[in-house]
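Trainee: this one's structure only:
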Ligand SMILES: Cc1cc2nc3c(=O)[nH]c(=O)nc-3n(C[C@H](O)[C@H](O)[C@H](O)COP(=O)(O)OP(=O)(O)OC[C@H]3O[C@@H](n4cnc5c(N)ncnc54)[C@H](O)[C@@H]3O)c2cc1C
């Protein structure tokens, strides 16, 4: 088998890469190890409406719920509401990713990409230190696909980076260990995505409730890997749910990880680009990665076409991908990392003090940076270390 580009992984980042490259006229094969794209889901499924609409036309078939905004809740219960369009990349729609991921892969197929499900990439075919294809197991049979370019979109557990010699190592402090229930309960607020902060609730992270319509919600939490031990996220989630929604029924349980290391040094190697969680393009503070991965996927698809037509698939020839993803999302990811590293050191008393300081402010129309500006102004001593981020 031969093609121009093999994309490994049919998550949002891989499908957008494959679709864009196919639309640019390339022969694309999209590999997905799972039998059913999008299943099982390891995500709270929140995305901003505007951000999503910039990348794909929203379809009611894959939207579970729309929210009015977000509610931020401090350790002692003090809370604030923010408008939906100011709440960042994870608030607006709550998706049904089983349907969403499949729809994106189908879009890639409609654009001309071949989609191989139940096909696990096993390694890169290498000649003189350069990749010339991918070996894979398809329906129990070994296959080889020759291609000059590979896009690694294989998620947090990515192997493509390692195969290509790209350093994607995550330190424990840079991994969010997550557990989530699909919860059924009448007391779930279906109008707002809720974020709960506090070191007792989720050390180095936060808990969330993202409504899914009816009486359902994705209720989960993520904790910093360096402050976790085996089974800890699930144990903390059980405790959180028992105190907040004591009569809730659990319909599904998932556990998963979120990369939160900030921009990696390089997301390219000769003949290889990494996108999405594989390139650690998740927002370190929220753990959101759907829109970032899709954005990077579009850029990778465009650069694939340009580099192939220029006949230069070396790391230097793929530099446009590095430059453009860093400009589009890398700056924001780097700032988020700085914020995360600062906020994870705060005590619950500090967090309560910050929440209380906002009590006379109208934050409903502020975005996160606007709120940070106000917080720094009101708490100059505590937040001195963040002053440079708000100028
Ligand atoms: C609990 C939790 C909650 C989250 N909530 C949100 C949220 O609300 N909003 C948000 O924006 N983000 C959220 N995220 C992050 C989000 O899920 C990811 O950032 C996003 O899925 C990344 O997309 P991706 O395409 O890079 O990777 P993935 O969606 O992980 O897709 C990678 C694909 O590659 C396939 N694959 C892997 N290896 C191979 C191989 N060798 N061969 C073939 N296929 C392979 C996998 O099966 C998978 O389908 C959450 C994450 C977790 C863990």
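Mentor: Structure received. Worth saying up front: this structure is predicted, and the values here are computed from it rather than measured.
Trainee: CA atoms for contacts and neighbours, from now on please.
Mentor: Will do.
Trainee: And residue 7, how far from the ligand?
Mentor: Here residue 7 is placed at a distance of 9 Å from the ligand (C-alpha to the nearest ligand atom, to the nearest Å).
Trainee: Phi, psi for that residue please.
Mentor: phi -100, psi 130 (degrees, to the nearest 10).
Trainee: can you pull up the bridge partners for it?
Mentor: Under DSSP bridges, the beta-bridge partners of residue 7 are residue 30, residue 151.
Trainee: what residue ranges in the protein score low on pLDDT?
Mentor: 391 (pLDDT under 70).
Trainee: Give me the longest helix you can find in it.
Mentor: helix 290-310 (DSSP state H).
Trainee: Which helix or strand lies directly C-terminal to that helix?
Mentor: helix 319-325 (DSSP states H and E).
Trainee: so after that following helix, what's the next helix or strand?
Mentor: Next in sequence after helix 319-325, counting helices and strands by DSSP H and E, comes helix 331-343.
Trainee: So that following helix, near the ligand or not?
Mentor: No: using C-alpha under 6 Å from any ligand atom, helix 331-343 never reaches the ligand; the gap is at least 12.6 Å.
Trainee: ok, and what's touching the next helix or strand after that helix?
Mentor: Using DSSP H and E, the helix or strand that follows helix 331-343 in sequence is helix 348-357. The contact list for helix 348-357 (C-alpha atoms under 8 Å, 6 or more residues apart in numbering) reads 74-76, 78-79, 197-199, 375, 378-379, 382.
Trainee: again, 6 Å this time
Mentor: With C-alpha atoms under 6 Å, 6 or more residues apart in numbering as the test, helix 348-357 has contacts from 74, 198.
Trainee: Against residue 379, how distant is the residue most central in space within the chain?
Mentor: Centroid check for the chain by C-alpha atoms, centre = their mean gives residue 289 as the closest residue, at 1.5 Å. Counting by C-alpha to C-alpha, to the nearest Å, the gap from residue 289 to residue 379 is 30 Å.
Trainee: Mind jotting down where the strands sit in the stretch 51-200 of the chain?
Mentor: Taking DSSP state E, counting those that start in this stretch as the test, the strands found in the stretch 51-200 of the chain are 63-66, 69-73, 79-83, 92-95, 114-116, 119-127, 130-138, 141-146, 149-152, 175-184, 192-196.
Trainee: Partner strands of the longest one and their direction?
Mentor: Yep, that's strand 175-184 we're talking about. strand 216-224 (antiparallel), strand 249-259 (antiparallel).
Trainee: Also the fifth one?
Mentor: As defined by DSSP bridges, the strand partners of strand 114-116 come to strand 28-31 (parallel).
Trainee: just so I know, which of the strands of the stretch 51-200 of the chain lies nearest the ligand?
Mentor: When the strands of the stretch 51-200 of the chain are compared by C-alpha to the nearest ligand atom, strand 119-127 sits nearest the ligand, at 3.6 Å.
Trainee: how about the closest one: buried residues?
Mentor: Applying a neighbour-count criterion of 16 or more other C-alpha atoms under 10 Å, the buried positions in strand 119-127 are 119-125.
Trainee: These: which ones sit near the ligand?
Mentor: Checking the buried residues of strand 119-127 against the ligand (C-alpha under 6 Å from any ligand atom), the matches are 119-122.
Trainee: Could you export these as a markdown table, including distance to residue 67?
Mentor: Shown next, in a markdown table, are these (distance: C-alpha to C-alpha, whole Å):
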| residue | distance to residue 67 |
| --- | --- |
| 119 | 37 |
| 120 | 37 |
| 121 | 38 |
| 122 | 41 |
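Trainee: The stretch 201-350 of the chain against the ligand: which residues are in contact?
Mentor: Going by C-alpha under 6 Å from any ligand atom, the residues of the stretch 201-350 of the chain near the ligand are 256-258, 276-278, 282, 287-291, 293.
Trainee: 5 Å - rerun?
Mentor: 256-257, 276-277, 288-290 (C-alpha under 5 Å from any ligand atom).
Trainee: Which pair in the buried residues of strand 119-127 has the greatest spatial separation?
Mentor: By the measure C-alpha to C-alpha, 119 and 125 form the most distant pair in the buried residues of strand 119-127, at 16.0 Å.
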